[in-house]
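1. Starting from these lines, generate the structure:
(chains A and B)
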Amino acid sequence: MTFSKPQRPTFILAAAAVILGGSVVARAQSPGSTVWSGVYTDEQADRGKAAYAANCASCHGDTLAGIDVAPPLTGAGFLNNWNGTSAGDLFNRIKTTMPLNAPATLSGRTVADIEAFIFKANGFPAGQVALPPAPPMMANMKIVSQKPAN
Amino acid sequence: MEREPKSAMFEISRRRMLGETAAMVALAGAGPFKAFAATAPGASSLPDTEWRHYAADQASTRYSPLDQINADNFSDLEIAWSFKTDALGARKEYQFEATPLLVKGRLYLAAGSRRDCIALDAASGELLWMHRLDEGQRALNSPRQLSGHGVSYWTDGTKERILYVTTGYRLVSLDAATGIPDPDFGTNGIVDLKLDFDQQLDPDTADVGLHATPLIARDTVVVGAAHAAGDVPAVRRNVKGYVRGFDVRTGKRKWIFHTIPRKGEFGYDSWLNGDADEAGNGGVWAEMSADEELGLVYVPVELPTGDEMGMFRRGNALFGETLVALDIETGKRRWHYQLVHHGLWDRDIPCAPILCDIPVDGKLVKALAQPTKQAFLYVLNRETGKPIWPIVERKVEAGDVPGEWYAPTQPFPTKPPAYDVQGVTIDDLIDFTPALRAKAVELVKNYKIGPLYTPPVVSKPGRWGTIISPGIQGGTNWPGGCYDPETHTVFVYSKNQPGVIGIIPNTNMTVSQFPQVHGISGEEPRPQVAMGSETNGAPPPRRPAPAPAAAAGPPPGFLAVDGLPLLKPPYGRITAIDLTKGDLKWQIAHGETPDNVRNHPALKGLKIPRTGRPGNLGPLVTKTLVICGEAGFYTNEYGVRGAMLRAYDKATGEEKGAVYMPAPQSGSPMTYRLRGKQYIVVAIGGGNYSAELVAFRLPGAA
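-> Model prediction:
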């Protein structure tokens, strides 16, 4: 996982950089940020697309629309169910329960990639910093269904 | 597994609850508390009530005459106790569909990601015992994961048993007092349902499981079968979903009914070219009902293999999407009624028919009412299978899928009217603003639309498929409806969430043995092994799913207009259907308007009436109220996520009260009176909120 150069560094989250194995100083998410502020990278979402096809699509569908026994991962159904939670909540749900026939087998990195793909499919913008591979670092990334006014 | 500790109070109250049954004596032994039973503190003159079946009774009415909780006090309800299922199974569950049984002060249900069978104290929620089978890979391969709908109870007045079907498709019989398997049943309390099934199966990998509860009537346990979804069926010759009856005492098979008839059996001739020989599926994954007096069990059958493709099940193909009445003792067919001929819309009959005695021309008739995904309520005489009101055959359109066979007509009930939107017209499209309507009109130009039973078509750019409404998940799904015997009224929840059926060619036999499968043009067909089983060998190479275009509107197959639902609300509703007349009595949007509609910038300043929310919900009916939790989350006026449990006047549909729950209703509510207090118990969970059983009661001394 690589980090591009920060555009407007607010403060340095050294721990995150160490854990992620990165040596480049990354712009951190400020407390209270949302998924509308660019919390994943395009490159990550592309990796996530492939991981989704391999691990998720057989139940949740190519269009992420879900089936009888698998909820939608995009659109109103998804946004309403996750509105007001954090990216970490969604990460935990995926990491601990999915895929159903082999739960908890996906690496944190792959889960983060898949989550990035889901965010992209829901129209949340890409940014400069990748979604981290562990939920404690996403606690402040709120999933909100509507783009904040500012 | 453990035996519950016995406190003096507990025993005293139990004694009063249970009365002098032999079971009680066996359970409590020669306890020292009998003398105190009559003077138990707080004793109420009102007898305890029970809930011995998944939907209250074998008729599947989900009705209770209780009225302590009523219109005046519903909003005062408080949480009496709650039970998290996180510790059951190796991980948390988020899809908790159970309705518990209540027998003699104990709740029995299946719970947790491993589907453990548990007993709880109905007054406190305390865990009394737990039974689990760790089935390893066999369970992971099952097409029905997680805890399922619940368990069944049986007694002969002495013995008491709890029966359930495990994730790996085993039928287990437990002593209701202890949770210990009954050594007289099957092998050490277990019958392997993958054996003695009139077909050779690999017990570890065969595509069969079950979420439904076994149905017990007249000492016979009736067990259905469920399979992986059949949009892209891996194989043509899948497991056949036969239904079987077992002796409840021994577990010995009494009968089997071939839902896909064998050569020489009734119904075989409704298949062309002997297609029945090879076709699989045709299971009974829904709940069932039974009339012990008539000696009949009512069995809702799903489609044979291919949910939207029928090229290998040509003909009307009995007993696909057919309601079948079987003799409980022998499994012999008494009558059947096919609701959809050669279905191409995945209209599996999803829930139990409700047995009801209704006045017809001044005479009480033994009838049944079958809610469906297609939002028709089919009302039949349950002795004969004859419609109460005429059901007429109407011509329907044929599609263009190579090799497909099309039924020329479909049955349409003349009464009662459909209880949700059927088919799609321009008039059904979103109309909050003219701009949104215009966008919706543009969107549907890329699809085929039409009335109910408009056929699926070959998917191609610019005509990606057929929009069907209700969508593949209904309408009404597995929770079914409820029935008020006092007013002969059915109450049913349904959702209005259209879906797309496009058909795409497939040449990769490792993905599917079907030459045409459900999909959207541009996609590579991918194996459908949901929910669990592995494909044989390495997965075939395939390209990733097409990238949903984030900015350029929804991708093909995704029905949304600026993120809003394509069709007009209500998105979820409850309908009351008067069976004395065959008319709709009232209809209300069920569920607060979802966040993305309430907060949508395009709708700013508009006054939008409550839209309801889509999901799978089962209502409960009491003396005065229809009670149902909401589907999905919303954010309330305090900024808190959750869902409401709502109560409506059953006569008018007027909302009488609501109480907050931290997560949506995921299993249908039930109710009982225990020590003078009425409880409502409901399973909730979803999103980031793991499964929880919640019991409500009115404030006051416990």
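2. contacts and neighbour counts: CA atoms only from here.
-> Will do.
3. So A:Thr96, which state does it fall into?
-> Three-state assignment for A:Thr96 (DSSP: H, G, I helix; E, B strand; the rest coil): helix.
4. excluding its backbone neighbours, what's nearest it?
-> Nearest non-adjacent residue to A:Thr96, counting by Cα to Cα, 6 or more residues apart in numbering or on different chains: A:Ala104, 4.8 Å away.
5. So the one you found: helix, strand or coil?
-> Reduced to three states with three-state DSSP, the structure at A:Ala104 is coil.
6. Was I right to think it contacts A:Asn92?
-> No: at 9.7 Å, A:Ala104 and A:Asn92 do not qualify as touching, with contact defined as Cα atoms under 8 Å.
7. Find me the pLDDT at B:Ile391, would you?
-> Confidence at B:Ile391, expressed as pLDDT, is 98.
8. how many other residues sit next to the residue nearest to it when sequence neighbours are not counted?
-> Nearest residue to B:Ile391, sequence neighbours excluded (Cα to Cα, 6+ apart): B:Pro413, at 4.1 Å. B:Pro413: 20 surrounding residues under other Cα atoms under 10 Å in any protein chain shown.
9. for B:Ser75, helix, strand, or coil?
-> helix.
10. how much space is there between it and chain A?
-> 24 Å (Cα to the nearest Cα, to the nearest Å).
11. One more: B:Ala576?
-> Between B:Ala576 and chain A the distance is 25 Å, computed by Cα to the nearest Cα.
12. so who does the residue nearest to A:Thr96 touch?
-> Counting by Cα atoms under 8 Å, 6 or more residues apart in numbering or on different chains, A:Ala104 makes contact with A:Lys95, A:Thr96, A:Thr97, A:Met98.
13. For the stretch 101-250 of chain B, which residues are neighbours of chain A?
-> B:Leu140, B:Asn141, B:Gln145 (Cα under 8 Å from any Cα of the partner chain).
14. Please work out the average pLDDT along stretch B:313-330.
-> Averaged across stretch B:313-330, pLDDT comes to 98.
15. Work out the gap between that stretch and the centre of the chain.
-> 19 Å (Cα atoms, centre = their mean, to the nearest Å).
16. Same question for stretch B:474-489.
-> 12 Å.
17. May I have the distance across it, first residue to last?
-> Taking Cα to Cα, to the nearest Å, stretch B:474-489 runs 21 Å from one end to the other.
18. Next, see if that stretch gets close to chain A.
-> No: contact between stretch B:474-489 and chain A is absent, the nearest approach being 8.9 Å (criterion: Cα under 8 Å from any Cα).
19. buried sites along that stretch?
-> Buried positions in stretch B:474-489, judged by neighbour count with 16 or more other Cα atoms under 10 Å in any protein chain shown: B:474-485, B:488-489.
20. same thing with stretch A:69-84?
-> The neighbour-count check on stretch A:69-84 (16+ other Cα under 10 Å) flags A:70-84 as buried.
21. Just the closest of those to chain B, please.
-> If you rank those by distance to chain B using Cα to the nearest Cα, A:Asn81 comes first, at 5.1 Å.
22. Can you tell me the closest non-neighbouring residue to that closest one?
-> In space, A:Asn81 is closest to B:Phe633, 5.1 Å off (Cα to Cα, 6+ apart).
23. residue contacts, the one you found?
-> A:Asn80, A:Asn81, A:Trp82, B:Pro594, B:Arg641, B:Gly642, B:Ala643, B:Ala663, B:Pro664.
24. For burial, what's the neighbour tally of the last one?
-> Neighbour count for B:Pro664, taken as other Cα under 10 Å: 28.
25. ok, now which ones touch it?
-> For B:Pro664, the contact set (Cα under 8 Å, 6+ apart) comprises B:Gly629, B:Glu630, B:Ala631, B:Gly632, B:Phe633, B:Gly642, B:Ala643, B:Met644, B:Ile684, B:Gly685, B:Gly686.
26. got it, and the first one?
-> Counting by Cα under 8 Å, 6+ apart, A:Asn80 makes contact with A:Ser145, B:Pro594, B:Asp595, B:Asn596, B:Gly632, B:Phe633, B:Tyr634.
27. Pull the most distant pair out of the residues you listed.
-> The widest separation within the contacts of A:Asn80, taken as Cα to Cα, falls between A:Ser145 and B:Gly632 and amounts to 14.0 Å.
28. The buried residues of stretch B:474-489 in strands, which ones?
-> If you go by DSSP state E, the buried residues of stretch B:474-489 have B:Cys482, B:Tyr483, B:Asp484, B:Thr489 in strands.
29. low-scoring stretches of the chain, by residue?
-> Since no chain was named, I'll use chain A. By pLDDT under 70, the weakly predicted segments of chain A are A:1-32, A:68, A:150.
30. um, chain B though
-> Applying pLDDT under 70 to chain B flags residues B:1-44, B:528-554, B:701-702.
31. go again using 90 as the cut-off
-> In the predicted model of chain B, residues B:1-45, B:229-231, B:522-558, B:563, B:700-702 satisfy pLDDT under 90.
32. center of it - which residue?
-> By Cα atoms, centre = their mean, the mean C-alpha position of chain B lies nearest to B:Trp478, the distance being 1.6 Å.
33. between the ones in strands among the buried residues of stretch B:474-489, which is nearest B:Gly306?
-> Nearest to B:Gly306 among these: B:Cys482, at 30.4 Å, using Cα to Cα.
34. just to revisit the earlier point, turn the buried residues of stretch B:474-489 into TSV, including distance to B:Pro461.
-> Output for the buried residues of stretch B:474-489, formatted as TSV (distance: Cα to Cα, whole Å):
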residue	distance to B:Pro461
B:Gly474	26
B:Gly475	28
B:Thr476	31
B:Asn477	31
B:Trp478	34
B:Pro479	37
B:Gly480	37
B:Gly481	39
B:Cys482	43
B:Tyr483	46
B:Asp484	49
B:Pro485	52
B:His488	49
B:Thr489	46
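35. farthest pair in the residues you listed?
-> Maximum pairwise distance among the buried residues of stretch B:474-489 (Cα to Cα): 25.6 Å, between B:Gly474 and B:Pro485.
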